[in-house]
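Trainee: no FASTA, just this:
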């Protein structure tokens, strides 16, 4: 079913919306949830919560790309669960991502402004536009979809060690870009 | 907590970026290196039917071929039929070759039938043990015409691989033969002796089995997008002017409709038409531009006094040349070869005659499009390789089938002739004990204008034994209704 039709079902409060969402994007959402939360049962719960959140947000939301809309919800739920279970050291995926993202944080020197999350997303999106297709996909698939180095190495045909170096270089580039923009978090 | 803010910042990046990354096809470095393409058996059914028709014609008398020599040049030369060769020759194999030209098909692009070529071999293992031989069959085609002209093997369901050689021709100046030092135009091979020069020392074939070169140079890319004219013009054009050290830095573009360069002063300009591509690119390798600016003009002449207000977004990116060009030019490739093989051929031309060559051809000095088009369309010698086991002291028959377009002149006194030729020894290491040629031709419609095979259509000699001392056989055929030259 086309995205528009699925979204129409949400807006018509038709419960088939959930079934159609699961048929089309269930595996996609589960993959991201599993990447971030590590355990299968946690991923299952995260996906169920995602469908509920989608049901509650549409209407009024009318997403342009349903896949991106859903994956954003998955990520938000995953980080909430990570915060809740932080002490249990349960969610290795998010833990590792956050640890790597420390490399992107700009130093406090020459800071002109502390940006809001939405503005930060704009700066990151603009920076992603300047990358080659391969680098852009590598960054997003690692830090948005949460794909492991091993998975990414396989799909990109880059040796895991070389891939880790490349991702580090990208994180450093993002940090430099944020500093150039005078951005602080 | 700052990293969580970064996490949220990434969560809310633009949706199209997320979508694109999910479906992105990475350029495979390993696959790019492979020059060969595995080819499934094809065309056998179609050609097999035609083969039945051929048999009706094969009972003509036999004769010994002539020895005349021909170095005729054609405006459009399709190349000779080459003999089978071996990748390694231990001296144990001998061969007999029977080559048939069948002209009973429908007229092709030139109002004359393409020839159906049946190049049949009886391969004898003269040793005392079973031998598995590796063969290569050369043929002329471009990347874009390979699908039409690739040979297939009739008798066996044999796995084949295709290896592509580099561009077989050269370059010349705007005045053609009077300007041999120039490199603005392609100088296609126009006679068999040029193939003789190309293949006789074996290096061309060796190169066809090597890996393609990588383009792993760091590159700076200036992407010019959102070009908008704020006023009227016949063909609004944005001129991107730049300067860089011409001894260390190279710049070139994609999507231009013209440009200029002064390599002594290090000044370059690239002209992007607003009527054409939505996005233009300027690539810089070996460093970066020292300055750059843009100015709009009413048309592609970019003349003083015809300035026009044109705005554009210029985004500077960095990357690796091979990855950037693959993403831009070959990610959506759809052809006989895989995108990686086609890209490899393109990369090879970049090194031999393009922007990565020591002396790039003038033809490619400004924009990548000509080189991209040439990489796809210029003729090359391709090699179809396969293995065949022949038991000790026994023989096996194998027939290669392919189509061959006529060589011809578009004007001049030979414009009514359609030429076909073959070579007996060029490029092969096989010891032949016999070579014969046959022709299947409607003698009511066609006649020979010239030939050295020794066919005699009037007396019914359609099959001849060729002299192995004669390296090249040719025939020019014309319609009987055509006026005498």
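Mentor: Everything's here; your move. Being a predicted model, the structure only gives us computed values, none of them experimental.

Trainee: OK, contacts around the spatially closest residue to residue B:235 that is not a sequence neighbour?
Mentor: Spatial nearest neighbour of residue B:235, excluding adjacent residues (CB to CB, 6 or more residues apart in numbering or on different chains): residue B:299 at 4.4 Å. Heads up, the C-betas are built off the backbone N, CA and C, glycines and all. When contacts are counted by CB atoms under 8 Å, 6 or more residues apart in numbering or on different chains, residue B:299 touches B:233-237, B:306.

Trainee: Would you map the helices across chain A?
Mentor: A:3-11, A:16-37, A:40-57, A:66-84, A:92-101, A:117-129, A:133-143, A:149-156, A:160-180 (DSSP state H).

Trainee: the domain parsing of the chain - what is it?
Mentor: No chain in the question, so chain A it is. Annotated domains of chain A cover A:3-91, A:105-184 [automatic domain parsing].

Trainee: Wait, chain B was what I had in mind.
Mentor: Split by automatic domain parsing, chain B gives B:2-33, B:37-178+B:403-479, B:218-378.

Trainee: can you put those domains in a markdown table and add mean pLDDT?
Mentor: Formatted as a markdown table, the domains of chain B follow (pLDDT from 0 to 100):
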| stretch | mean pLDDT |
| --- | --- |
| domain B:2-33 | 78 |
| domain B:37-178+B:403-479 | 82 |
| domain B:218-378 | 89 |
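
Trainee: JSON lines please, covering those and showing distance to residue A:171.
Mentor: JSON lines is the format used below for these (distance: least, CB to CB, whole Å):
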{"stretch": "domain B:2-33", "distance to residue A:171": "10"}
{"stretch": "domain B:37-178+B:403-479", "distance to residue A:171": "38"}
{"stretch": "domain B:218-378", "distance to residue A:171": "15"}
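
Trainee: Are there helices or strands packed against the helix or strand hosting residue B:259, and which ones?
Mentor: Of the helices and strands defined by DSSP states H and E, residue B:259 is found in strand B:258-262. Where contact means 3 or more CB pairs under 8 Å, 6 or more residues apart in numbering or on different chains; DSSP states H and E, strand B:258-262 is packed against strand B:267-273.

Trainee: how about the helix or strand that comes right after the strand it packs on against chain A, any contact?
Mentor: Later in the chain than strand B:267-273, the nearest helix or strand by DSSP H and E is strand B:280-285. No - judged by CB under 8 Å from any CB of the partner chain, strand B:280-285 stays clear of chain A, getting no closer than 12.0 Å.

Trainee: Now do strand B:280-285: everything it contacts.
Mentor: The contact list for strand B:280-285, computed with CB under 8 Å, 6+ apart, reads B:217-225, B:227, B:238, B:240, B:242, B:244, B:249-256, B:270, B:272, B:292, B:321, B:324, B:328, B:355-356, B:368.

Trainee: can you narrow those residues to ones near chain A?
Mentor: residue B:324.

Trainee: Just the contacts of strand B:280-285: which are in strands?
Mentor: Among these, DSSP state E puts B:218-225, B:227, B:238, B:240, B:242, B:250-254, B:270, B:272, B:292 in strands.

Trainee: Pull the number of nearby residues for the nearest residue to residue A:92 once chain neighbours are set aside.
Mentor: Excluding the flanking residues, the one nearest residue A:92 by CB to CB, 6+ apart is residue A:38, at 4.7 Å. Using other CB atoms under 10 Å in any protein chain shown, residue A:38 has 17 neighbouring residues.

Trainee: Ramachandran coordinates for residue A:38?
Mentor: Dihedral angles of residue A:38 (phi, psi; degrees, to the nearest 10) stand at phi 80, psi -50.

Trainee: Contacts only, for the residue positioned nearest the centre of chain A.
Mentor: Closest to where the C-alpha atoms of chain A average out (CA atoms, centre = their mean) is residue A:144, at 2.9 Å. By CB under 8 Å, 6+ apart, the contact set of residue A:144 is A:71, A:75, B:10-11, B:13, B:18, B:21.

Trainee: I'd like to know which of those are buried.
Mentor: The neighbour-count criterion (16 or more other CB atoms under 10 Å in any protein chain shown) marks A:71, A:75, B:10-11, B:13, B:18, B:21 among the contacts of residue A:144 as buried.

Trainee: so which residue of the stretch 101-250 of chain B comes closest to chain A?
Mentor: residue B:221 (8.2 Å; CB to the nearest CB).

Trainee: Thought residue B:134 was touching residue B:389, still the case?
Mentor: No - the criterion here is CB atoms under 8 Å, and residue B:389 misses it with residue B:134 at 10.7 Å.

Trainee: Enumerate the residues of chain B near chain A.
Mentor: B:2-22, B:24, B:26-31, B:315-320, B:323-324, B:327, B:331.

Trainee: tally of neighbours for residue A:134?
Mentor: 21.

Trainee: residue contacts, it?
Mentor: So residue A:134 contacts A:156, B:24, B:26-27, B:323, B:327 (CB under 8 Å, 6+ apart).

Trainee: what's the answer for residue B:100, then?
Mentor: Here residue B:100 is in contact with B:54, B:58, B:117-120, B:437-440 (CB under 8 Å, 6+ apart).

Trainee: got these as CSV, with neighbour count and secondary structure columns?
Mentor: Converted to CSV, the contacts of residue B:100 look like this (neighbours: other CB atoms under 10 Å in any protein chain shown; DSSP: H, G, I helix; E, B strand; the rest coil):
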residue, neighbour count, secondary structure
B:54, 17, helix
B:58, 13, coil
B:117, 22, strand
B:118, 21, strand
B:119, 21, strand
B:120, 18, strand
B:437, 23, strand
B:438, 21, strand
B:439, 26, strand
B:440, 22, strand
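
Trainee: Show me which of the contacts of residue A:144 is closest to residue A:63.
Mentor: Closest to residue A:63 out of the contacts of residue A:144 is residue A:71 (10.8 Å), distances taken as CB to CB.

Trainee: hmm, back to that, may I have the beta-bridge partners of the residue of the stretch 101-250 of chain B closest to chain A?
Mentor: residue B:283, residue B:317 (DSSP bridges).

Trainee: list the contacts for it?
Mentor: Going by CB under 8 Å, 6+ apart, the list of residues near residue B:221 reads B:281-284, B:316-319, B:324.

Trainee: Buried subset of these, written for PyMOL?
Mentor: Here is the PyMOL command that selects the buried residues among the contacts of residue B:221 (16+ other CB under 10 Å):
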select buried, chain B and resi 281+282+283+284+317+318+319+324
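
Trainee: and which of the contacts of residue B:221 is nearest chain A?
Mentor: residue B:319 (3.7 Å).

Trainee: pLDDT wise, what is the nearest residue to residue B:15 once chain neighbours are set aside at?
Mentor: In space, and not counting its chain neighbours, residue B:15 is closest to residue A:68: 3.6 Å by CB to CB, 6+ apart. Confidence at residue A:68, expressed as pLDDT, is 92.
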